[in-house]
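[1] build me a model:
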Amino acid sequence: AVDYVWKDVHGHYRELLAQSVKAAIEQRRLKRETEAAHRAVREARDRAELLLGEVNHRVANSLALVGSLARLQANALQDEAARNALQEMQARIMAVANVHRRLYTSSDVRFVDMTSYLASLIDDLTAVLVKARQQRAISAHVDKGVHMPTDKTVSLGVIVTELVTNACKYAYRGDEPGEVRVILRRTESGSLCLMVEDDGKGWTGDGQVEGTGLGSQVVRAMASMLDSTVIYDAGHRGTRASIEFTLPT
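    This is a model prediction of the structure:
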């Protein structure tokens, strides 16, 4: 039942009844077409998500292969500078591969859960640093429920890779024990703040950098992708680099 008409003594309701039946049939036709269109959209979306998941899977595997080739090449070299450069490149590759790995195992391929991503990234970095004999204690502290779009996660992952690698290489002297902390938290204004800090000899971002300086250039370039800049806290006892950025709504 979708409608009704008033019966009258003159019989005009018959015309109204015919129009009402016609309208009911048309309404039912439109409803069926709408349901079919929604069903087609859902099926197309499911196919697209499945395809995107497969693409991310293949990209992650390909990047992991490239990272492994870089590691093999580094192991075959005698020149320490060249070996270190390839090991750093491997860490950068794995930072990007980790994003795609998280995407194809996620129910939402648009965003990455930062708690699990940073934990996995630190595991990969630790493995690389152990081989380079530059291992330090690395910890991650991430606010709950932080999810970031794929492209922003790639930029942030590369920044973390560079800052953590630099801290492990230069913050502490020799076998001096020390920790490197990665912190991602929400600010009162609703933006996100990434901090990578240590308790080593300290650097304020000014003066001559240690190494080739490529890592600092990469960090600045990736920070610009987040519409932000790197700020060094001169009041921190070691080195604290922070980046504050806002995600698109």
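[2] tell me the pLDDT at Val209?
    Listed pLDDT for Val209 reads 66.
[3] if you could redo that for Ala74, that was the one I meant.
    Ala74 carries a pLDDT value of 82.
[4] state the distance from it to Thr187.
    The span separating Ala74 from Thr187 equals 39 Å under the rule CB to CB, to the nearest Å. Quick note: C-beta positions are derived from backbone N, CA and C, even for glycine.
[5] where is the longest helix in this protein?
    Among the segments of the chain that qualify as a helix by DSSP state H, the longest is helix 13-75.
[6] where does the protein dip in pLDDT?
    103-107, 131-132, 134, 207-212, 249 (pLDDT under 70).
[7] buried sites along whichever helix or strand comes after the longest helix of the chain?
    Using DSSP states H and E, the helix or strand that follows helix 13-75 in sequence is helix 80-104. For helix 80-104, burial by neighbour count (16 or more other CB atoms under 10 Å) applies to 83-104.
[8] Gln135 and Ala127 touch, don't they?
    No. With contact defined as CB atoms under 8 Å, Gln135 does not reach Ala127; the gap is 9.2 Å.
[9] residue closest to the middle of the protein?
    For the chain, the residue lying nearest the average C-alpha position, counting by CA atoms, centre = their mean, turns out to be Thr153 (2.6 Å).
[10] dump the residue contacts of it.
    Counting by CB atoms under 8 Å, 6 or more residues apart in numbering, Thr153 makes contact with 99, 102, 112, 114, 117.
[11] for Val158, see how far away the spatially closest residue to Ala64 that is not a sequence neighbour is.
    Excluding its sequence neighbours, the residue lying closest to Ala64 (CB to CB, 6 or more residues apart in numbering) is Ala97, at 5.2 Å. Separation of Ala97 from Val158 (CB to CB) stands at 12 Å.
[12] now Val130
    Separation of Val130 from Val158 (CB to CB): 21 Å.
[13] which of those two has more neighbours?
    Using other CB atoms under 10 Å as the criterion, Val130 and Val158 rank with Val158 on top: 24 against 10.
[14] please identify the buried residues of the one helix or strand the more buried one maps to?
    If you go by DSSP H and E, Val158 is part of helix 150-170. Buried residues in helix 150-170, counted by 16+ other CB under 10 Å: 152-170.
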